[in-house]
Every structure is written in structure tokens, then in C-alpha cells.
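S.K.: Give me the fold of what follows.
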Amino acid sequence: MKLSEVALNDVFDTSTTGKAKYDNIMNDPETYEELGITSEIKYMSPDEAMEMMAEGQGKSVWQIVNRRKQQGGDKKVRQFAKDMSDGKKFDMPLMYFAPGGFIQDGYHRLMAANALGIKQVPVLIVHKTNHTRKHDAYL
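M.R.: Residues are numbered from 1 along each chain as shown. Prediction:
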């Protein structure tokens, strides 16, 4: 089933990533900008998002997808796709880029969106430009 005609906001909830610390960054940008942390919701294709996540991990999309399949991820992706088709809302995926580190969440959701033909998904992109002890207290 393709979700081409379903509104993007019917699938992904742009008010949350499901991870409180990243939601705090998104909802209180002034505080975090002082700490060298910025965030934005970026709309991109599921393929683009999966590519960025793979690059952040120093791997190819194929390696990530294959690993997910080996871990039983196909079942999870099929369930997510069914739930999306049934109208369930999902937390938006996220990527956190920092000097010497990368965190991502949402690969299975992106795979399901891709399988359904969803053209654009919201992704919270967080960038940390410097390391400070004050920052560590917030995360």
C-alpha cells in the first residue's frame, strides 16, 4: 500500500522524537545555542535520511539495512508500515552530530516510510559545535 495521498503530518509527529533530551533541544533552542548546540527539522526523502545516517556511522546503507534484516528488522519494518497505513503517528527520526560522535534513531521508521512510497519525512538534525562541561550537564 502506498501512502502518497496521506498527509505527512498523519504519519510523523513533528513535536517529538520520543527522546526527551533531543525534544528539549528542539523546544528550547536559545538555551542550547549558548552551549553550541543547534537543531532544525529538515524534510528529506527516506533514502536521503538513511544515507545520512549510514554516513554518520561510517557505513553504507546496504550494510545498515542488511544488519537490520539479520536482527529481525524486516518484521519490525513490516509492522511499522502496517501501522503507518492504519494511521498511527510515529515520532520523527533524529540525527545528532557532534565532534567525535554521532547518534541516530529512526532507521526502521525510515525503511517503512520508504517501503510505502512516502516522499518526504521530517528529521530532527542536531549539531553540537563544541564540547563544554556545561553542555554535559544538559545531556
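S.K.: and the closest residue to residue 23 other than its chain neighbours, how far is that from residue 59?
M.R.: With C-beta to C-beta, 6 or more residues apart in numbering as the measure, residue 16 is the residue that lies nearest to residue 23, at 5.4 Å, once sequence neighbours are left out. C-betas here are computed from N, CA, C, even on glycine. According to C-beta to C-beta, to the nearest Å, residue 16 and residue 59 sit 27 Å apart.
S.K.: the more surrounded of those two?
M.R.: residue 16 (18 against 14; other C-beta atoms under 10 Å).
S.K.: Show the residue spans covered by the helices in the chain.
M.R.: Along the chain, counting by DSSP state H, helices occupy 20-27, 29-33, 46-56, 61-70, 73-85, 107-115, 133-138.
S.K.: Which stretch among the ones you listed approaches residue 123 most closely?
M.R.: helix 46-56 (5.1 Å; C-beta to C-beta).
S.K.: ok, back up a step: which residues touch the residue nearest to residue 23?
M.R.: Contact analysis of residue 16 by C-beta atoms under 8 Å, 6 or more residues apart in numbering lists 23, 91-92.
S.K.: From those residues, pick the one nearest residue 83.
M.R.: Taking C-beta to C-beta as the measure, residue 83 sits nearest to residue 91 out of the contacts of residue 16, at 12.3 Å.
S.K.: So, low pLDDT: which residues of the chain?
M.R.: 1-9, 131-139 (pLDDT under 70).
S.K.: Just give me the residue closest to the centre of the chain.
M.R.: Central residue of the chain (C-alpha atoms, centre = their mean): residue 93, 1.9 Å from the mean position.
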